[in-house]
Every structure is written in structure tokens, then in C-alpha cells.
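Fold the following and give me the result.
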Amino acid sequence: MTADPYPGYAWLREHDPVCPVGGPHVPGRMWLVTRYDDVRACLADRRLGSRAPVDPDPHPPGLSHLDGPGHARLRRLVAAAFTPAAVARLRDRTARTCAHAVESFAGRGHADLVAEYTREIPVAVMHDLLGVPETERAPAADVLDMWYRAKFRQPRDEASLAELLDYVGELVAYKRTHPGDDLTTRLIDSDALTGEELEVMVMTLIGAGHITTIQFLGTTVLHLLDHPGHRAALLRGDLDWPRAVNELLRLDSPSHVAEYRYAGEDMTLADARVGEGDVVLLSLAAANRDPDRFPDPGTLDLTRDARPHLAFGHGAHTCLGSHLVRLETEIAVTTLFGRLPDLALDIPGGEVAWGYAPTFRGPLALPVTFTPSTSR
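Sure thing, here's the model as predicted:
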């Protein structure tokens, strides 16, 4: 399933669209939903909550684990930073970040684009948005390692979570004494969050701002390496960027499964009887390849209108950072291929190793070669 989950998703959509699945660290029953119409309906169904009925986490819940007024309150505090106009103001800074990353390996003739490019950009952009200068940042690899150990290791890795919270606490403390025109300062000045809520919010933004984008940048670069005609048309301006990005999001959604949902009452999904307290997994990736919604769903068609895709979710929890992801993708792709036009994968495409941890999927490494180029 990690290397290519899509045949499995196709079988489930046809034969068992609400399928019971195992979950060693989740009490009770768990269900996987794979059809587009069912997934979309569940994302907007208020009977499915975002927080576990029994939550052992002593910290305040973040945005993705709240519903109703509590969720709306936190979302309002940060929404203005992710509007199209606000994101557009990050264009020049993001372009500099991408250019700097490419120059770090352009003269070498080879690189691992995940380790040296797609991983670096989202972490840098989110720290820019939060107002954290480079001198106060942990290296991107360290931030990612902290986050994965804290959030995806089962059972919960309390030591790693404490390490991540310590890092975030230091960033917040720095911003209290070094205010600026940035999101963290605005959150501090709003006086709307407790100290612990503020740290959880910043931690959530750092995580949400880099995990899916890293996966998506990696899969996008890989698809464009595999489709040189599409790549050339995009760089020439013959194709519409927003439409192309939506199709890439649909084809290989970085979040394969949405955040867990918990049934607040007994309910029926398709023909399955879901009990109160059951965990419901909504497969965004399977839904986005549903042939009943997208004809020929396994084909990359950059002229397709894929706007109903569910890569960013649907309903109250629709991803706040969707405009930022689109901006980063456009700039990262045009910078990379514009600077290194003969970029080529250094291994057969079928040998690319994929990560799946546990709901996000993307290449673990993208070794490439190109003609070395002196710094500009």
C-alpha cells in the first residue's frame, strides 16, 4: 500500500466502500471510507467529531481536534494570515527561499531533492510567516524529526512531544521580546489565548504548514519529471497554474487520510453500521481517484477542472493553508526547473521509496542529476 495504494483503494471503493480496518492503538472499531460522495458527506457531517471521546492528552486541543464554537474561535484568530492577499505578500520571500535552496546544490550536478529542496522550503516559509528569524530556527531536519517522533510514533512518545513543545516555547518566548509584523506577534497581542494555547497553536501551524507541503512538492516534482511535455508547457505559460496544481493535488493527495473522526452516535454509512465512539477514517486520496467523480482518474490531465477535489478537505475543517500550498508549489517548481532545465531522476521511477507516516504519503528521496551550474 505504501508504494502504490491506489489499486487497493479502487478495490475498496467497488467492493467495501466503508470497510472495517485494524488499529492497534485505537480502542473500539475503525472504519475506512473510500468513495468520493461518502467522504465529502462525512467531512461535513456534524455527527462525526474531531476529538476522541476519551483524550489522554493533557494539553489544550489544536485546531484539527476541535469542533463548533471552540474551533471557530481559534480559526478566526489565524484565518487572516492565510487569505489570498496575505499569502501573495509572501511571494518574494518564498522566491528567495527557493532560489537560495537551489543555489546550494546547483554547482554539484546531483542532489536529493527531498533532503535539499522540498523539505527545506515549507519549514522556512512557515517560520517566516511566524516571524522566526533564521538565527532562532532549528534546522529543518531537526524540526521534522521532532514532529514525526512526537506525533506519529505509537504509542505516544511523550519525551519527543516535550522536546517539540520546548522548541515551540522558546520560539514564543523570543517573539514576546522581539515583536514584529508576523503571525506570532499578532496572536500574542490579541491576548485571546492562554500561554499553553498559544504554544499549541504555533506547534499546530508549524506541523500543518510543512508536513503535507513536503509530500506534495515531492510528488509534484516526480510527476513533472515523468511528464516533460507537461513540465515544458507549464514553464512556457501554456497551462493555467491554479488548474494544474488542483489536478496534481487530486492525482496524488498529500494527506491520504483526513484527521480521525469519531462517531457521536450510532449511524449508517453506506451499508455499514457505525457505532457511537467508532473511529472513521476518510480517505481523501481514494475519493480523489473515484471514477464516478473524475473520469480516467489515474491519468494526469493538467487541463482537467479538478476543483471539487478533497485534498484540502471539506466543510469547517477545510485546510487554512490551501493558498499557501499553491503559492509554494508554483514558485518551487518554476525556480527548480527554470534554474536546472535538464534535471533528471537518477533512478528508475519504480525504485522511488515512499513514506507513509501514517496518513501522509510522499517520496522519501528524489536523487537527481543535472548539468552543474555556477551560482548566479
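
For stretch 192-212, buried residues please.
When neighbours are counted by 16 or more other Cβ atoms under 10 Å, the buried residues of stretch 192-212 are found to be 193, 197-212. All C-beta spots, glycine's among them, are computed from the backbone N, C-alpha and C.

next one: stretch 78-91
78, 81-82, 87, 90.

what does stretch 220-233 give?
In stretch 220-233, counting by 16+ other Cβ under 10 Å, buried: 220-225, 230-231.

and of the buried residues of stretch 78-91, the nearest to Ala311?
Nearest to Ala311 among those: Phe82, at 15.9 Å, using Cβ to Cβ.

For the closest one, list the residues it contacts.
By Cβ atoms under 8 Å, 6 or more residues apart in numbering, the contact set of Phe82 is 320-324.

make it 6 Å
Phe82 sits next to 320-321 when contact means Cβ atoms under 6 Å, 6 or more residues apart in numbering.

and what of Leu234?
Ala244 are the contacts of Leu234 under Cβ under 6 Å, 6+ apart.

Remind me which helix or strand it belongs to.
Assigned by DSSP states H and E, Leu234 belongs to helix 228-236.

That helix: what's the following helix or strand?
Taking DSSP H and E, what comes next after helix 228-236 is helix 241-251.

What residues sit buried inside that following helix?
Residues of helix 241-251 classed as buried: 241, 243-251 (neighbour count, 16+ other Cβ under 10 Å).

ditto for stretch 275-289
Neighbour counts over stretch 275-289 (16+ other Cβ under 10 Å) mark 277-289 as buried.

Please report how far the nearest residue to Arg361 once chain neighbours are set aside lies from Leu343.
The shortest distance from Arg361 to any non-neighbouring residue, by Cβ to Cβ, 6 or more residues apart in numbering, is to His256 (5.1 Å). Separation of His256 from Leu343 (Cβ to Cβ, to the nearest Å): 27 Å.

Which one's more surrounded, these two?
His256 (23 against 20; other Cβ atoms under 10 Å).

Enumerate every residue touching that one.
By Cβ under 6 Å, 6+ apart, the contact list for His256 reads 285, 359, 361.

Which helix or strand contains the first one?
So that's Ala285. helix 284-287.

for that helix, what is the average pLDDT?
For helix 284-287, mean pLDDT is 97.

that older thread, in helices, which of the buried residues of stretch 192-212 fall?
Counted as lying in helices by DSSP state H, out of these, are 197-212.

so what pLDDT did Ala41 get?
Per-residue pLDDT puts Ala41 at 97.

Just want to check the distance between it and Thr329.
Computed as Cβ to Cβ, the Ala41 to Thr329 distance reads 28 Å.

Check Thr34 too.
In terms of Cβ to Cβ, Thr34 sits 26 Å off from Thr329.

again, but for Leu187
From Leu187 to Thr329 the distance is 26 Å (Cβ to Cβ).

Pull out the buried residues from the helix or strand harbouring Met146.
Applying DSSP H and E as the criterion places Met146 in helix 140-152. The neighbour-count check on helix 140-152 (16+ other Cβ under 10 Å) flags 140, 143-144, 146-148, 150-151 as buried.

Same check on stretch 258-272?
Under the neighbour-count criterion of 16+ other Cβ under 10 Å, stretch 258-272 has 258-263, 267, 269, 272 buried.

now the end-to-end length of it.
Taking Cα to Cα, to the nearest Å as the measure, stretch 258-272 stretches 19 Å from start to finish.

what do you get for stretch 130-141?
One end of stretch 130-141 sits 18 Å from the other (Cα to Cα).

Could I get the average pLDDT for that stretch?
Stretch 130-141 comes out at a mean pLDDT of 87.

Now do the buried residues in that stretch.
For stretch 130-141, burial by neighbour count (16+ other Cβ under 10 Å) applies to 130-132, 137-138, 140.

Kindly report the same for stretch 8-18.
9-10, 12-13, 17-18.

likewise stretch 293-300?
293-294, 297, 300.

Just send those back as JSON lines, with distance to Gly109 too.
Output for those, formatted as JSON lines (distance: Cβ to Cβ, whole Å):
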{"residue": "Arg293", "distance to Gly109": "43"}
{"residue": "Phe294", "distance to Gly109": "39"}
{"residue": "Pro297", "distance to Gly109": "37"}
{"residue": "Leu300", "distance to Gly109": "28"}
